[in-house]
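**Q** pasting the sequence and the predicted coordinates here, then a few questions.
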Amino acid sequence: MYKILIVDDSPTIRAAVKGALAYKKAELLEAATAVDAVKLFEKENPALVFLDINLPAADGFVALKRIRLIDPKHDAKVVMLTGVTDKTTIQKAIEEGADDYVAKPFTPVVLRDKTDKFLK
């Protein structure tokens, strides 16, 4: 069974992602901060991470860098899930190791497509 880590400081967003991914036979893990995300990533080794950029204390880029230090071969796929949609930020996310990018607001179909793309 796949593990999917959902990282967002909003419980509403985490619940929406979980609802969109309920079709997938996967264990859905949640974190509200970058620090908790990295700890869960290390402990649970998820196959896919949906990661917000704007998080309290340390942002999603900090979490992304640490995840890539733990997983330098990109075995786990990281999809940035954020309301920050300018080209510079998207380019930075990809350069720093994100595998894809989804803008908020999102639809369940988009999340399912990204999940199916990476978890075949």
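**A** Cool, the structure landed.
**Q** alpha carbons only for contacts and neighbour counts from here, please
**A** Noted.
**Q** averaged pLDDT, stretch 109-120. What do you get?
**A** Mean pLDDT, stretch 109-120: 95.
**Q** please state the offset of that stretch from the chain centre?
**A** Its chain's C-alpha centre and that of stretch 109-120 lie 12 Å apart, by Cα atoms, centre = their mean, to the nearest Å.
**Q** hey, C-alpha coordinates of it in PDB?
**A** Taking Å, rounded to 0.1, in the frame of the first residue of the first chain, the C-alpha atoms of stretch 109-120 are listed here in PDB:
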ATOM      1  CA  VAL A 109      -9.600  15.700 -10.600                       C
ATOM      2  CA  VAL A 110      -6.200  17.500 -10.800                       C
ATOM      3  CA  LEU A 111      -5.100  15.800  -7.600                       C
ATOM      4  CA  ARG A 112      -6.200  12.400  -8.800                       C
ATOM      5  CA  ASP A 113      -4.400  13.000 -12.100                       C
ATOM      6  CA  LYS A 114      -1.100  13.900 -10.300                       C
ATOM      7  CA  THR A 115      -1.500  10.900  -8.000                       C
ATOM      8  CA  ASP A 116      -2.100   8.500 -10.800                       C
ATOM      9  CA  LYS A 117       0.800  10.000 -12.800                       C
ATOM     10  CA  PHE A 118       3.300   9.200 -10.000                       C
ATOM     11  CA  LEU A 119       1.700   6.100  -8.300                       C
ATOM     12  CA  LYS A 120       1.100   3.700 -11.100                       C
END
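**Q** starting at the chain centroid, how far to the strand or helix carrying K39?
**A** When elements are assigned from DSSP states H and E, K39 belongs to helix 34-44. Between the centre of helix 34-44 and the centre of its chain there are 12 Å (Cα atoms, centre = their mean).
**Q** contacting residues around the helix or strand following that helix?
**A** Sequence-wise, the next helix or strand downstream of helix 34-44 (DSSP H and E) is strand 48-51. Applying Cα atoms under 8 Å, 6 or more residues apart in numbering, the external contacts of strand 48-51 come out as 3-8, 60, 76-82, 115, 118-119.
**Q** list the contacts for A63?
**A** A63 is in contact with 34-35, 37-38, counting by Cα under 8 Å, 6+ apart.
**Q** ok, which stretches of this protein are strands?
**A** Ranges of strands within the chain are 2-7, 26-31, 48-51, 77-82, 100-103, based on DSSP state E.
**Q** much appreciated, bye for now.
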